[in-house]
Structure formats: structure tokens, C-alpha cells
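A.B. asks: Next come a sequence and a model predicted from it.
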Amino acid sequence: MNMKKRRGRTSRKRRRNHSRCFSLCGVNLSHKCEYIHLKKWLKERGYEDNILRPAQFSETGRGLMATKALQAGELIIALPEKCLLTTDTVLNSYLGEYIIKWRPPISPLTALCTFLIAEKYIHKKSLWQPYLDILPETYTCPMYLEQEAVNLFPEPLRRKAQEQRSLVKELYVAAKSFFFSLQPLFPDDVESVFNYRAFQWAWCTINTRTVYMKHSQKECFSRDPDNYALAPYLDLLNHSPTVQVKAAFNEKTQCYEIRTLSHCAKNKEVFINYGPHDDQRLLLEYGFVAASNPHNSVHVGTDSLLTYLIPEDKQKHTKVSILQEHKLLDNLTFGWDGPSWRLLTALKLVCLEEDQFTSWKKVLLGDTISEMNEKKSLDLATKICTSLIEETQHVLQKISILKRDYVHLVNQLTLVEALHMENLKILLLSAENFQHLHCTAV
């Protein structure tokens, strides 16, 4: 009888180290056909790279790995203009003559969406096929999430997600007549080629993957900004809120260049920074959440704040008017260091006693009115924080149940769960700080 060989401590240690190596270093994807074709295609257009390598990472998914140690200030990528997909690319294609003669002019964004949809349709005949082959088929932006998942978003993300969906729908409806003008280019009905699902995909591709590159205003386009450039290979770089880079199109070299201002060890993932965005913005625009994001914050809804106004407060309506006039009902947040200045200022105004109310302008200037006002506003901030903790924990429990009952939505629900978990970290830290402040005051 064959018996399995027992694995000892050394074997277990080796497996742990292998797992850790995968987590930190990723798995090389260079041997895969799509990346071989992409690198060959880029080389034909003047780009050759020995610094970055496509890899799969356990934390971030697909990204780029350093083949050597990178120093601060080092040029990590210089993508020639020939590799960039811009409105110039679109105008120089078979779509150019249709765009030039169309009135009223379409927007640069619509032109890029149209090109992506058309190129994906012809696919094998497309000059951009190697790039199209590595683009995601779907995205994890709110645009692609089921309503059950979107309903679990905190405010104001839920509202912004709905606004984004409406915006894209309007863009699509406005472009439909232009799409019909392209019928001579396609054997199939253009309505089936340029359907809403295809437009969603193209819009998300541009919104999540373009780099900023300003172009001169062209008469054949509307006055909307023309500052998009899709950058094959470069757009595999993932975001980290803790790294710094310099990125811009270099007019001298005619390349889009990125220099890292951070060190990166060999075989580790190379990151860039999309900007100082909180997790709600990252999820809305890019479809992911960054763990322990220093720019993250938890929003306090206007309705939540106003529920704490005492009904018998004679200055109630005046207080609300002042808060509205000075825009102190928007962007009220808890951050890693506790309540924001805006939130505390709003609470101090809400907590003003009748005999203190004439000092409301001093509150807006950041002056201390009285120890009692300071204590009351701090108590109110603690109450709101506690309420948000309970609310967040309730949503997390709901998500846990939904993940069990709706297996097909597990990935989407896990993304929303990550957002709430990050919010909970901030709120619990704020609650801890409040407890310390109360103890100090006593």
C-alpha cells in the first residue's frame, strides 16, 4: 500500500515562502500569446522595454513588474506618439471623413468611443488588434454593477453613480444619429454594432485607462475638452496612493513619459498614482478600492447632520440657512485624523446656544466660543460617528447575507464590502480618538 510522504517543517516553510513570493512579486505573464503580440506590435511602432514585465499579482490583479531595482527619478516608460490612440488616430482612420462632415460636431469623447467600438467589431482586421486583445471585456465601475450592488453604496457615491449612468446614456442617445451615418462602413445593421452595451464598454475603457494629453482644438469636434490618450502597455500600471510619479507627454522626445519618484525593488509591482482620490472616487471612476488609502474619508450626509438640530431650537432655520449659504452642508467627512474642519465647524454652529448665536461669524472663522460649545460639538460628532459605525456594520451584515444568497453577485458585493470595510476602519479610529479626548477632558 502506497502512503503519502509526510511533509515536514522545511516543506511547510518553503510553501509559505512561495505563497509570500507570489503575493509580493506576482507571476510573470510575458510568455502568454497576447503579451508577445503586444510587445511585437509596440516594437514595430518604436517602443522597446526591458524594465517592465506584465505579471499577475494576488492583491491588484494584472500589472507591471520591475525587472530590476528602480531608483527615484528613473524613467520607467517612454511610449512613442505612434503607440498612442488619440482623436488624431480617429481622424486619420476610415471614420475621419464621416466625422469631418457631420453636423453638429460630435465630441472628442464620442469619436474615441466610436473608434473603439468599430475596431472591436472588425477585430482581426484591426491595426489595433494586439491592444484590443488585452483590454478587459467588462469593468467593475458602477456602470457595470447590478442595481442590488449599487443600492448598497454609501451616499453620495450612490447618487454620483446614478448621475454617471444618466450621463453615459445621454451621450449614447445624442450619438445615435451619427452612428446611423456610418452604415456604409458595416455589413451589419449599425444599431447592432453600436448598441448601448458596446458604448458602455468603450466609455469605461476611455474613462479608466486614458492619460491626460492636451490636443489643439479642431473644428470638426465640439468644444468639449480633447485631452484623452489611450496608452497601450502603460495602462497596465496600477494605482497606489503612496507612490509619486511625474507623467506627461514630452514634446522633445515625442513620447509619453513616466518617471517614478519612489524606489521599487526588483520583481516587485511598479505603481503609478492616479491622483489624491478617496475610495469612493476610485470606485466610481476606476472600479477598485485602495486599502488604507490616506486620502480616504467617510461622508456625513446632510440629512444625517440636520436630524441633530433640536426641533425647539428657535434659530434652527437660520442655522440651516447659514450652513447652506456658506456651503457647510457639503463634503462633511471623517478622515484618518477624525472629523474634518468643515464638519466640526458645522457642528459648532449647530450647537450654539440662543445667547451665543450672535457669535456665529466667529465660529466660521474658527474661534472658540465657549468650553460648553466645544464639548457639545464634540459630543455630537461622537454621536454621528457611533451612528455611522452601526449603519456600516448593518450594511456589512446585509452584504454577507447577500453574498450567500446571490452567488452570481459575489465579486460585485465583495467590492462594495471592501469599500465599507475601509470606511469602518476610519470610523473606529475616530471613535477611539473621541474616547481619548473625553477621558482627557475629564
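C.D. replies: Thanks, I have it.
A.B. asks: Now Leu428: closest residue in space, sequence neighbours ignored.
C.D. replies: In this structure, Leu428 finds its nearest non-sequential neighbour in Ile389, 6.6 Å apart by CB to CB, 6 or more residues apart in numbering. Heads up, the C-betas are built off the backbone N, CA and C, glycines and all.
A.B. asks: can you pull the buried residues of the helix or strand harbouring the one you found?
C.D. replies: Assessed by DSSP states H and E, Ile389 sits inside helix 371-405. Buried residues in helix 371-405, defined by neighbour count with 16 or more other CB atoms under 10 Å: 373, 376-378, 380-382, 384-385, 388-389, 392, 395-396, 399, 402-403.
A.B. asks: now swap in stretch 72-89 and tell me
C.D. replies: 74, 76-79, 81, 83-89.
A.B. asks: For the residue positioned nearest the centre of the chain, give me its contacts.
C.D. replies: Closest to where the C-alpha atoms of the chain average out (CA atoms, centre = their mean) is Leu282, at 2.1 Å. Contact analysis of Leu282 by CB atoms under 8 Å, 6 or more residues apart in numbering lists 239, 274, 288-290, 293.
A.B. asks: Farthest-apart pair in the residues you listed, please.
C.D. replies: Tyr274 and Val289 (12.9 Å; CB to CB).
A.B. asks: More neighbours: which of these two?
C.D. replies: Per other CB atoms under 10 Å, whichever of Tyr274 and Val289 has more neighbours is Val289, with 23 against 19.
A.B. asks: Just the closest of the buried residues of stretch 72-89 to Thr140, please.
C.D. replies: Leu85 (22.2 Å).
A.B. asks: how about CSV for the buried residues of stretch 72-89, with secondary structure added?
C.D. replies: Shown next, in CSV, are the buried residues of stretch 72-89 (DSSP: H, G, I helix; E, B strand; the rest coil):
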residue, secondary structure
Glu74, coil
Ile76, strand
Ile77, strand
Ala78, strand
Leu79, strand
Glu81, helix
Cys83, helix
Leu84, coil
Leu85, strand
Thr86, coil
Thr87, helix
Asp88, helix
Thr89, helix
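A.B. asks: just these now: which is nearest Phe180?
C.D. replies: For the buried residues of stretch 72-89, the nearest to Phe180 is Thr87 (21.2 Å; CB to CB).
A.B. asks: I'd say that closest one and Thr110 touch.
C.D. replies: No: between Thr87 and Thr110 there is no contact under CB atoms under 8 Å: 10.2 Å.
A.B. asks: Quote the end-to-end distance of stretch 116-135.
C.D. replies: 11 Å (CA to CA, to the nearest Å).
A.B. asks: May I see the buried residues of it?
C.D. replies: 116-122, 126, 128-132, 134-135.
A.B. asks: cool, stretch 58-75 as well?
C.D. replies: 60, 63-67, 70, 74.
A.B. asks: and if you look at stretch 243-254?
C.D. replies: So, applying 16+ other CB under 10 Å, buried residues of stretch 243-254: 245, 247, 249.
A.B. asks: distance of Lys316 from Leu167?
C.D. replies: Per CB to CB, to the nearest Å, Lys316 is found 36 Å from Leu167.
A.B. asks: correction: Lys403
C.D. replies: Distance from Lys403 to Leu167, by CB to CB: 30 Å.
A.B. asks: What's the first helix or strand after the helix or strand bottoming out on mean pLDDT in the chain?
C.D. replies: Sorting the helices and strands of the chain by mean pLDDT, DSSP states H and E puts helix 9-25 at the bottom, at a mean of 49. Per DSSP H and E, the first helix or strand lying C-terminal to helix 9-25 is strand 27-28.
A.B. asks: what about the helices in the stretch 1-150 of the chain?
C.D. replies: 9-25, 33-44, 87-91, 96-101, 108-122, 129-132, 147-150 (DSSP state H, counting those that start in this stretch).
A.B. asks: ranking the ones you listed by burial, who's on top?
C.D. replies: Each of those was scored by mean neighbour count; the highest is helix 108-122, a mean of 23, by mean count of other CB atoms under 10 Å.
A.B. asks: tell me what that helix is packed against?
C.D. replies: With contacts taken as 3 or more CB pairs under 8 Å, 6 or more residues apart in numbering; DSSP states H and E, helix 108-122 sits against helix 87-91, helix 157-181, helix 190-193, helix 196-209, strand 228-230.
A.B. asks: Can you check what angle separates that helix from helix 196-209?
C.D. replies: 120 degrees (axes from the mean of the first three to the mean of the last three CA atoms, to 10 degrees).
A.B. asks: Renumber starting at 517 from here on
C.D. replies: Renumbered: residue one is now 517, and that last one reads helix 624-638.
A.B. asks: what's in contact with helix 624-638?
C.D. replies: Taking CB under 8 Å, 6+ apart as the rule, helix 624-638 contacts 601-603, 605-607, 609, 611, 615, 622, 642, 644, 648, 687, 690-691, 694-695, 698, 701-702, 709-710, 714-715, 717-719, 721-722, 731, 737-738, 740-742, 744, 746.
A.B. asks: Can you go through the residues you listed and name the buried ones?
C.D. replies: Here, 16+ other CB under 10 Å leaves 601-603, 605-607, 609, 611, 615, 622, 642, 644, 648, 687, 691, 694-695, 698, 709-710, 714-715, 717-719, 721-722, 731, 737-738, 742, 744, 746 buried among these.
A.B. asks: about what we covered before: mind putting the helices and strands packed on helix 624-638 in CSV, distance to Glu933 and mean pLDDT included?
C.D. replies: Below are the helices and strands packed on helix 624-638 laid out as CSV (distance: least, CB to CB, whole Å; pLDDT from 0 to 100):
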stretch, distance to Glu933, mean pLDDT
helix 603-607, 39, 98
helix 673-697, 14, 96
helix 706-709, 37, 96
helix 712-725, 21, 98
strand 744-746, 31, 98
